[in-house]
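>>> Any chance you could fold what I've pasted below:
(chains A and B)
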Amino acid sequence: MALTHEEIVRLAALSGFTVESAQALKGEIEDMIAFAGLAYIADNITEKTDVTKAYLRADIPTEALSRDKALKNAPTAENGFFLLPGGFKK
Amino acid sequence: MSIIKAINRGLVERSFSAEELAKKYINSIKKQNMEINCFVTVTEEIALGRAKEIDEKTAKEGSLSLLEGVPYSLKDNISTIGTLTTCASKMLESYQPVYNAYVSSVLENAGGILLGKNNMDEFAMGSASETSFFGCVKNPLDTACSPGGSSGGGSAAVCGNMAVFALGSDTGGSVRQPASYCGLVGLKPTYGAVSRYGLVAYASSLDQIGVLAKNAEDTAIVFDSISERDLQDSTCRGFFGNTLERLKESVCGIKIGLYNPSDTEACEALEKTAKVFESLGCKVEEICLNYMNEVSPAYYIIACAEAASNLARYDGVRYGYRTKKYNSRDEMICRTRGEGFGEEVKKRILFGNYVLSGRDNLYKKANAVRKGITAELESLFEGYDVILMPTTYGTAPLLGAKASYSSDRFTVPANLAGLPALSMPCGRNENGMPFGIQLMGKRFSEGLLLRLAYKYEKETKEEVSRIEL
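Numbers count the residues shown, from 1 in each chain, chains lettered A, B, ... in the order given. Prediction:
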């Protein structure tokens, strides 16, 4: 199936890519979509277990990373915070 | 014969020191890595420091536990505190974790000597170790061929005597397929048997850390050491029992279901393997698997959807690569991701977001297939103890050969169903390249899989040619 330009724009936005980089992979994504179409809904499945639900423990909070450790690999940091380009125009 | 046990004996009897052994492996890496490219980082200083500590301990105490002094390597998506963990990506080219993966800590505490971090497909996405930012990995058995992927660096390192064993990760066959291409034993444990804490996530419901080694006994030793319960991974139950102790027990009476499709090169090797098991007293019967045409599409749908979510964290804010040119925060994120990820990763993220946006009900269909294959396998395991099947279609492909999406159809069922599976070598083709066959079992049946592999090795002497100290 062919992806429209609008769909490419939407996928790029969802993926955090530029439209150009998504557009460059359009053909390959279409191939993957075609291959994925071979999966079908199987009827009469008797589900006994679900791997995603097995062996879950209680959700107990654990000690978080210290501020220093959390910032250690940050490309830019200042005064103990991650430093980002501004979200609002002056 | 276990290489780990031989090393242990040699160290205790002072036939060689841990430092000499570590130097031997480091020299092997230095000699071969320029061509094979299986290590992204070599931790020579750390390794030699640890080896000296082991030698001091041996001199003082006269005994060592099995993994003390044993040189090994880790796939570069397994976190190592203070040592680069790049996932073979520009995105994490200079990333040094601030904590260890559970398995890294366990092996370190057990006295293993970490030699370095293995090259791989970028973020474990690939099946030939060709999508790495650091260049492709070559197969030591034939450098024109791929060592498989995505744990191709680990398989090449063990195969080329650059590590005694390696840990990899297996999301759709990434431990078993490279083991098959390099003539090794590769174990993907049951989902939940080994902690994934500190493993950089690709597809969280499928990922599992596995072992690459030259024989079943070494695989058992390593698996036993890394498979304890870990509360840091909510899905980790751990493995109860000791596979090594029961390795030599009889396999007489074990029921094996043989799945042998006629379109693989390994067809004949698989028949021969079945006969060996019959000679050991196993009962072998041919079986059918009904979902084999659907498992690969279902795998790609689920894996890519989870990857799109897992890899959303790489935005150039908290760690990893950040683009140099940007005018706004949004532009910074888009350019960072566009420049930091390779084409294969970007393709899978885009496809994953297509799936997650609900198009064509793909995710629902894939989960239906997942439930279908899981139910079918569970039903089969009511009548059989293990399933014997090919690991791959054939031997290692040439580097650069385009793999089809369905090339992993024999390995993905174990991931979709969360079952343990093991690949072991079973003969070679006319060019001397190894075939791999796969044993898949019930949940937490790693002991039986390893026992069958061990018995097969003993019966066929398959392991003898692979031992070099």
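
>>> Next, count neighbours for the closest residue to B:Ser150 other than its chain neighbours.
Nearest non-adjacent residue to B:Ser150, counting by Cβ to Cβ, 6 or more residues apart in numbering or on different chains: B:Asp121, 3.7 Å away. From N, CA and C alone the C-beta is placed, and that goes for glycine too. Neighbourhood size, B:Asp121 [other Cβ atoms under 10 Å in any protein chain shown]: 30.

>>> Which secondary structure state does B:Gly168 sit in?
Counting by DSSP: H, G, I helix; E, B strand; the rest coil, the backbone at B:Gly168 sits in strand.

>>> Roughly how far does it sit from chain A?
According to Cβ to the nearest Cβ, to the nearest Å, B:Gly168 and chain A sit 20 Å apart.

>>> who's in contact with that residue?
Applying Cβ atoms under 8 Å, 6 or more residues apart in numbering or on different chains, we find B:Gly168 in contact with B:75, B:118, B:120, B:150-151, B:154-155, B:174-175, B:178, B:186, B:209-212.

>>> Remind me which helix or strand B:Met432 belongs to.
Careful, residue B:432 is Gly and not Met. Using DSSP states H and E, B:Gly432 is not contained in any helix or strand.

>>> Then B:Val158?
Counting by DSSP H and E, B:Val158 is part of helix B:152-159.

>>> what does A:Glu6 give?
helix A:5-15.

>>> what does that helix rub up against?
A:3, A:18-19, A:21-23, A:26, A:29, B:308, B:334, B:337, B:346, B:349-350, B:353-354, B:356-357.

>>> List of residues touching the next helix or strand after that helix?
Once helix A:5-15 ends, the next helix or strand along the chain (criterion: DSSP H and E) is helix A:19-24. For helix A:19-24, the surrounding residues in contact (Cβ under 8 Å, 6+ apart) are A:Ile8, A:Val9, A:Leu11, A:Ala12, A:Ser15, B:Gly338, B:Lys346, B:Leu350.

>>> Repeat the analysis, applying 6 Å as the threshold.
A:Ile8, A:Val9, A:Leu11, A:Ala12, B:Gly338, B:Leu350 (Cβ atoms under 6 Å, 6 or more residues apart in numbering or on different chains).

>>> Indicate whether the strand or helix carrying the last one makes contact with chain A.
Which is B:Leu350. If you go by DSSP H and E, B:Leu350 is part of helix B:343-356. Yes - on the criterion Cβ under 6 Å from any Cβ of the partner chain, helix B:343-356 is in touch with chain A at B:Lys347, B:Ile349, B:Leu350, B:Phe351, B:Asn353, B:Tyr354.

>>> Nearest to B:Ala312 among these?
B:Ile349 (8.2 Å; Cβ to Cβ).

>>> Tell me the secondary structure of B:Met120, please.
coil.

>>> Next up, the contacts around the residue lying closest to B:Ser89 once chain neighbours are set aside.
Computed as Cβ to Cβ, 6+ apart, the closest residue to B:Ser89 that is not its neighbour in sequence is B:Glu122, at 4.8 Å. The contact partners of B:Glu122, taken as Cβ under 6 Å, 6+ apart, are B:Ala88, B:Ser89, B:Thr131, B:Ser132, B:Gly342, B:Val345.

>>> picking up where we left off before, what separates the residue nearest to B:Ser150 from chain A, distance-wise?
For B:Asp121, the distance to chain A - Cβ to the nearest Cβ - is 16 Å.

>>> isn't that residue right next to B:Ser129, touching?
Yes - between B:Asp121 and B:Ser129 there is a contact at 5.5 Å, judged by Cβ atoms under 6 Å.

>>> can you list residues touching both of the two?
B:Gly149.

>>> which outside residues touch stretch B:447-466?
Contacts for stretch B:447-466 (Cβ under 6 Å, 6+ apart): B:214-216, B:220, B:243, B:246-247, B:251, B:276, B:280, B:422, B:424-425, B:439, B:441.

>>> The same query, at a cut-off of 7 Å, please.
Stretch B:447-466 has contacts (Cβ atoms under 7 Å, 6 or more residues apart in numbering or on different chains) with B:183, B:185, B:214-217, B:219-220, B:241, B:243, B:246-247, B:249, B:251, B:254, B:273, B:276, B:279-280, B:385-386, B:420, B:422, B:424-425, B:439, B:441.

>>> in the helix holding B:Leu350, what's buried?
For helix B:343-356, a neighbour-count test (16 or more other Cβ atoms under 10 Å in any protein chain shown) marks B:344-356 as buried.

>>> which strands and helices sit next to it?
If contacts are counted by 3 or more Cβ pairs under 7 Å, 6 or more residues apart in numbering or on different chains; DSSP states H and E, helix B:343-356 sits against helix A:5-15, helix A:26-36, helix B:295-310.

>>> Relative to the whole chain's centre, how far out is the longest one?
When you say that, I think you mean helix B:295-310. Taking Cα atoms, centre = their mean, to the nearest Å, one finds helix B:295-310 lying 19 Å from the centre of the chain it belongs to.

>>> average model confidence for the helix or strand just after it?
Past helix B:295-310, further along toward the C-terminus, the next helix or strand under DSSP H and E is helix B:329-340. Averaged over helix B:329-340, pLDDT sits at 95.

>>> How about the backbone phi and psi for the residue nearest the centre of chain B?
The residue lying closest to the centre of chain B (Cα atoms, centre = their mean) is B:Val175, at 2.5 Å. B:Val175 adopts backbone torsions of phi -100, psi -40, taken as degrees, to the nearest 10.

>>> ok, now the one 5 residues further on?
For B:Ser180, the backbone dihedrals (degrees, to the nearest 10) come out as phi -60, psi -50.

>>> Provide the count of other residues in contact range of it.
B:Ser180 - counted by other Cβ under 10 Å - has 32 other residues nearby.
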